[in-house]
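1. need a structure here:
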Amino acid sequence: MSEVVKVENLGKKYIIGHQKQRYGDSLRDAMTHTARSIWQRIRHPLSPNRESIDLEELWALKDINFEVQQGERLGIIGPNGAGKSTLLKVLSRITEPTTGKVRIKGRVSSLLEVGTGFHPELTGRENIFLNGAVLGMKKQEIKAKFDEIVAFAELERFLDTPVKRYSSGMYVRLAFAVAAHLEPEILIVDEVLAVGDAQFQKKCLGKMDDVAQEGRTVLFVSHNMQAVKQLCRIGILLKNGSIAYNGMATKAVEEYLHNDGASTSLSNLSHVIASLPADPVFKFENIKITQKGLSVDIVENGKPLEIAVQYEVFERTMGLRVYFDLCDTDKTILFRSFHDEDNNGIPTVEPGRYLSKALIPKDFLAPRNYELRIQSTIYNVRVFEPKEGICIKFNVARTGMSNRSYLSEPIKGKLAPFIKWKTSKTI
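-> Sure, this is the predicted structure:
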């Protein structure tokens, strides 16, 4: 096999600005400060307003070195903020590196974000031909693959509908079908597949496996450790923009799961919250995990589990969300729940202290180990620290209704909801 990707001493630096906050000002002070800032911009329109903005260097990637051989399947894993998506953008030539160089042999097809490479006003049919042209394919080559793309995406009814009317799931179906079928030498896929349903994800993993079997190369980023182990032979673990491990995919997953250093126990929550850096918009104040009003070390699946998050909001903020992910020990998200799921539209949160509670019903969790990730974000703007969320490991003991008639038989599955059946004799 020949080398198709070579990355040498790669680094990517961003300059980020922080707006200075002014707390405790009177209305008169705030108006005076605003008027002064406007006057300074009028007098010196090209000079930065250093009174209100702090600049900071952020290295998203540092000293990255690796090679990928033709036909290889590489999994790239790591916590949020580790640099995975930045690395893929550099490899896809969307972003220029700050230092180092990347050598790529062959045509690259990338699926990094929902709708990437699509023109919203064009139909699905037109976007298939547009994407093919971007990849350098001739019209006859695209036509030869057209029916196969449409069949894989299962969007025949919406083929002549502008893609701006597609749901995120429909976007991903068509985008992946185009990316995988137009015969790129290198296929790059980010976590975007998580938008699709379970059946479509399985279908995509199968297609990526077929692509590799045909001698083409796959670079795959995912938080689904089971999918990484299933698809990829080699793996790279990123931490804080650097490579922490480069080798076999199964070993990379093992290193990630056992040495992430991000999880805490139920008894250590207050210390973790107290050590979080200050933020001008949002602050976690307390998190409690209780059953029947009592703090627990081991959760019983026969009792409801209450998650209470206390926090303070300092500014009027549109789209502020508190949520949790319930994950298995492979860090696969079993489900996600937002504090404002019952709202229509994007709500605005006023300054103040809040307490948000969620209740996981009894007889829902299976007796096994879980990780609960509690996070807060401003929708489509930024993630509050810590970027990987406050990760809490806990164990569930079997005390509930599931398989009560067969207590010696282990419960199958990662969740164990108690489903009521009704049986009647018909003869």
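2. Could you double-check that P347 lies in contact with F338?
-> No: in this structure P347 lies outside contact range of F338 using C-beta atoms under 8 Å: 10.7 Å. To be clear about C-beta, it is placed using only N, CA and C from the backbone, and glycine gets the same treatment.
3. joint contacts of these two?
-> Counting by C-beta atoms under 8 Å, 6 or more residues apart in numbering, P347 and F338 have no contacts in common.
4. Could you export the helix or strand hosting F200 as CSV, CA atoms only?
-> Secondary structure assigned from DSSP states H and E places F200 in helix 198-213. C-alpha atoms of helix 198-213 as CSV (Å, rounded to 0.1, in the frame of the first residue of the first chain):
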residue,chain,number,x,y,z
ALA,A,198,-29.8,4.2,13.9
GLN,A,199,-30.7,2.3,10.7
PHE,A,200,-29.1,5.0,8.5
GLN,A,201,-26.0,5.1,10.7
LYS,A,202,-25.6,1.3,10.3
LYS,A,203,-26.0,1.7,6.5
CYS,A,204,-23.4,4.4,6.4
LEU,A,205,-20.9,2.4,8.4
GLY,A,206,-21.4,-0.5,6.0
LYS,A,207,-20.8,1.8,3.0
MET,A,208,-17.6,3.2,4.5
ASP,A,209,-16.4,-0.3,5.0
ASP,A,210,-17.2,-1.0,1.3
VAL,A,211,-15.2,2.1,0.3
ALA,A,212,-12.2,0.9,2.2
GLN,A,213,-12.5,-2.6,0.8
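5. how close does the closest residue to G136 other than its chain neighbours get to Q140?
-> In space, and not counting its chain neighbours, G136 is closest to R107: 6.5 Å by C-beta to C-beta, 6 or more residues apart in numbering. Distance, R107 to Q140, by C-beta to C-beta, to the nearest Å: 17 Å.
6. Same check on L219?
-> With distances taken as C-beta to C-beta, L219 is found 29 Å from Q140.
7. same thing with Y379?
-> In this view, Y379 and Q140 are 43 Å apart by C-beta to C-beta.
8. Look at L219 and Q140 and report which has more neighbours.
-> Neighbours were counted for L219 and for Q140 using other C-beta atoms under 10 Å; L219 has more, 24 against 7.
9. partners of the helix or strand containing the more buried one, with directions?
-> Per DSSP H and E: L219 is located in strand 217-221. Next to strand 217-221 in the sheet, as set by DSSP bridges, lie strand 73-77 (parallel), strand 186-189 (parallel).
10. Return the alpha-carbon coordinates of the longest one using PDB.
-> As requested, the backbone C-alpha atoms of strand 73-77 are provided in PDB (Å, rounded to 0.1, in the frame of the first residue of the first chain):
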ATOM      1  CA  ARG A  73      -9.600   3.200   7.900                       C
ATOM      2  CA  LEU A  74      -8.400   5.800  10.500                       C
ATOM      3  CA  GLY A  75     -10.600   6.700  13.500                       C
ATOM      4  CA  ILE A  76      -9.900  10.100  15.200                       C
ATOM      5  CA  ILE A  77     -11.300  10.300  18.700                       C
END
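11. what does it contact?
-> Contacts with strand 73-77, where a contact means C-beta under 8 Å, 6+ apart, come from 68, 84, 87-88, 208-209, 212, 217-223, 225, 228-229, 231-238, 249, 252-253, 256.
12. quick check: mean pLDDT across it?
-> Mean pLDDT, computed over strand 73-77, is 91.
13. Repeat that for stretch 157-174.
-> In the prediction, stretch 157-174 has an average pLDDT of 85.
14. before we move on, back to that, buried sites along the helix holding F200?
-> Of the residues in helix 198-213, 200-201, 203-205, 207-208, 211-212 count as buried by neighbour count, 16 or more other C-beta atoms under 10 Å.
15. likewise stretch 363-381?
-> The neighbour-count check on stretch 363-381 (16+ other C-beta under 10 Å) flags 363-368, 370-378 as buried.
16. Where does pLDDT dip in this protein?
-> 1, 16-55, 113-117, 135, 192-198, 257-268, 400-410 (pLDDT under 70).
17. coming back round to it: got the strands paired with strand 217-221 as TSV, with distance to V313 and mean neighbour count columns?
-> Putting those into TSV (distance: least, C-beta to C-beta, whole Å; neighbours: other C-beta atoms under 10 Å) gives the following:
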stretch	distance to V313	mean neighbour count
strand 73-77	33	26
strand 186-189	36	24
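18. any chance of those in JSON lines, plus distance to M170?
-> Formatted as JSON lines, the strands paired with strand 217-221 follow (distance: least, C-beta to C-beta, whole Å):
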{"stretch": "strand 73-77", "distance to M170": "26"}
{"stretch": "strand 186-189", "distance to M170": "17"}
